[in-house]
Each structure stands twice: as structure tokens, then as C-alpha cells.
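K.L.:
Let me see the structure of the following:
(one chain, ligands or ions: 1)
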Amino acid sequence: MELELTYSCNYACNYCYNPLNREFRSELNSDTWCNVIDEAIELGVEHLSFTGGEPLLKADKLFKCLEHLRAKDQRIATRLVTNGSLISDELTKRLKQLGLDIVQYSLHFDRINRALSRLGALDVDRTISEYIEKVNTLKGHGLYVVGVVVLSSNYLNFVSKAIDEVLKRSEIDLMWVEQVFLAGHAMKNSGMIPSQERIARIISELKEIKEHYPSRLLIREHAYIQGVVPLTRGTPKEAVVTPVGDVYRFHSTIGRPEHFCGNVTRQGLKGAWLTLIRAYSRGV
Ligand code: SF4
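P.N.:
Numbering: from 1, shown residues only. This next block holds a predicted model:
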């Protein structure tokens, strides 16, 4: 289950799935998130992902959630999904002490593209080196680290090189590429979606790299088909709770009324969960 702790983010990727109209003032506070976690434990959820936006911008909220969870449950696997910009040695140490298991660290060229576009240059090597340094910080504290790169036309030519370098120069546990989810901001920027031919070329390059790192590079060819919003069936335990407490089945269904299951402040997570279960049983 994904808990989106905040809409706030210090990047502005043009493939961002964050909604265009965000209600920052209605974001749930720490106490409400702790209630959500209590209900998730009762429902038997097996993993909790803390996402955003950028959850580390609300580090106090994240710390409180982890502390609350671990005081009651040691079994649930926890994952932080982050752009990595705020990763430091001290912060990583604290996250590990609080019982975090996995960090999903996205390699975002897009914000670099924007920042440097006026200079007409993209410092790929520096971006990759900074990323590797932070991966090694996370690994140094014993966290399991997965790296993700979104397949955007803006920097597609650098994707294979970046993945090869990261696998070679760090102890990252697993890497994969992700297609653009046509939701939120990304809906306005569909021009950055690469053609199937370009994606096929990247996949073939990645297959060559995978020969050297068979267990550390995941290639999910079926997941890179463009033109459709992925709506895999998943399970009810893969629900998403948005920063304002709305419950949906997946990220790609957020904002679609037919997939809205309820709000944790009105129905509680359990109430929304019932709607979710009914939707699954109808095969919706
Ligand atoms: S994709 Fe992630 S890092 Fe980029 S703007 Fe959206 S939330 Fe921030």
C-alpha cells in the first residue's frame, strides 16, 4: 500500500504524475497518518511505501510514521520512494534506525535538463556521479536500494549509459526503467513519450547490460508499451492513499471518479478498503 505523504516536491519533472490542482492545505497531518497505519496493520497489509511528491520534504511526518509503525509492528516491509535530493549520511542513519527497509531512488535527469537548459548543457556525468555517491551512502547504512529511471524522450540517449555506470560503480541492489504514467502533469507533456521504436532500442541496449548484471537489472518489456495508462489488476493491498486521504487502486487511477474508494478521514481506511474489495470482486 502506498501512502503519499505530501504533494510538495523540490523538482518539477515534466512527466510527474502529481495532480495539476493540488490541495496542499488539506494534506493529512501526522496523527491522521498514524491512524491510517493502525488500520493498515489491522487489515494485514504486508508492505507500506512512503511516497509523494518528495516525502523527505516532510521528514518529521515520515519519521513519526515509521516510529509509530515500528512501535506496533516489525513485520511490515517499508519503502521510501524519493528523488534523493535530500539524502545525507545523517538522514540515512536516522531512517535505518527507525526501521526503514528499502529506498527506491529515482534518477531524475529531467530537473537537471530544466535547470541547465539556459546554459544549453546537461552534465550527464556529474548527475550520474552524484547519484552513485548517494546510493553508496544508503548502502553504507545497510538499506536495500532500488534505482528507477523514467523513459522520457528528453534524455533517452543517456539512459543505458547511466544504468551501466550505476551498476558498475555502486552496490545498488536492483535497477529498472519505468514508462511515463499519463497522469497529472504528464498529461500536459505527452510529447516527451518516446516512440515504440526508440523504446525497443533502449530495451535491446539494456538486455546487453543485463548479461553482466543478470540479477541486478530488471527488464519488464510488457510494462513499456506506450499509449495506454497501465491498469494492471494488482491486489487490494496495493491501494494508494493520496496526501489528502483519498483512496484509489493505483497511481494511474488517481482522480478518476470510477476508481475512487473513499477518504480516510470520512470512511477510515477500512471503509475505503471495503469499496476496494467490492470493486475487485466485480472485476472493475
Ligand atoms: S516525478 Fe517525483 S521528483 Fe519529479 S516532480 Fe514529480 S514527485 Fe517530484
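
K.L.:
use CA for all of it now, contacts and neighbours both
P.N.:
Will do.

K.L.:
what does this structure put close to the ligand?
P.N.:
9, 11, 12, 13, 16, 18, 52, 53, 54, 83 (CA under 6 Å from any ligand atom).

K.L.:
Pick out whichever of these sits closest to residue 255.
P.N.:
Among the residues of the chain next to the ligand, residue 18 lies closest to residue 255 (CA to CA), at 10.3 Å.

K.L.:
Now do the closest residue to the closest one other than its chain neighbours against residue 254, distance only.
P.N.:
Of all residues not flanking residue 18 in the chain, residue 184 sits nearest, at 5.0 Å (CA to CA, 6 or more residues apart in numbering). Look at residue 184 and residue 254: by CA to CA, to the nearest Å, they are 9 Å apart.

K.L.:
Kindly report the same for residue 193.
P.N.:
Counting by CA to CA, the separation of residue 193 from residue 254 is 20 Å.

K.L.:
contacting residues around the closest residue in space to residue 244 that isn't next to it in sequence?
P.N.:
Once flanking residues are discounted, residue 244 sits nearest to residue 27: 4.5 Å by CA to CA, 6+ apart. Counting by CA atoms under 8 Å, 6 or more residues apart in numbering, residue 27 makes contact with 5, 6, 243, 244, 245.

K.L.:
farthest pair in these?
P.N.:
Longest distance between any two of the contacts of residue 27 is 10.4 Å, between 6 and 245; criterion CA to CA.

K.L.:
pretty sure residue 214 is in a strand, no?
P.N.:
No. Assessed with DSSP: H, G, I helix; E, B strand; the rest coil, residue 214 is coil; it does not lie in a strand.

K.L.:
measure it to residue 175 for me?
P.N.:
Distance, residue 214 to residue 175, by CA to CA: 11 Å.

K.L.:
one step back: take the residues of the chain next to the ligand and lay them out in TSV including secondary structure, distance to residue 130 and neighbour count.
P.N.:
Output for the residues of the chain next to the ligand, formatted as TSV (DSSP: H, G, I helix; E, B strand; the rest coil; distance: CA to CA, whole Å; neighbours: other CA atoms under 10 Å):
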residue	secondary structure	distance to residue 130	neighbour count
9	coil	19	17
11	coil	16	17
12	coil	19	16
13	coil	18	18
16	coil	22	21
18	coil	25	21
52	coil	22	25
53	coil	21	24
54	coil	18	24
83	coil	12	23
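
K.L.:
Kindly provide the distance from the closest residue to residue 28 other than its chain neighbours to the ligand.
P.N.:
Nearest non-adjacent residue to residue 28, counting by CA to CA, 6+ apart: residue 244, 5.5 Å away. To the ligand, residue 244 is 15 Å away according to CA to the nearest ligand atom, to the nearest Å.

K.L.:
likewise residue 250?
P.N.:
Residue 250 is 15 Å from the ligand, by CA to the nearest ligand atom.

K.L.:
now swap in residue 47 and tell me
P.N.:
According to CA to the nearest ligand atom, residue 47 stands 20 Å off from the ligand.

K.L.:
Next, count neighbours for that residue.
P.N.:
The number of residues packed near residue 47 is 16, by other CA atoms under 10 Å.

K.L.:
mind listing the helices for the protein?
P.N.:
Listed in chain order, the helices found in the chain under DSSP state H are 30-43, 59-72, 89-97, 110-116, 124-140, 156-169, 196-210, 268-282.

K.L.:
Quick check: closest non-adjacent residue to the residue in the stretch 151-284 of the chain that the ligand sits nearest to.
P.N.:
Closest approach of the stretch 151-284 of the chain to the ligand (CA to the nearest ligand atom) occurs at residue 185, with a separation of 8.3 Å. Nearest residue to residue 185 in three dimensions, chain neighbours excluded: residue 16, at 5.3 Å (CA to CA, 6+ apart).

K.L.:
ok, now which ones touch that neighbour?
P.N.:
Contacts of residue 16 by CA under 8 Å, 6+ apart are 183, 184, 185, 186.

K.L.:
Could you dump those into a markdown table with pLDDT and neighbour count added?
P.N.:
Output for those, formatted as a markdown table (pLDDT from 0 to 100; neighbours: other CA atoms under 10 Å):
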| residue | pLDDT | neighbour count |
| --- | --- | --- |
| 183 | 76 | 22 |
| 184 | 78 | 21 |
| 185 | 78 | 19 |
| 186 | 80 | 21 |
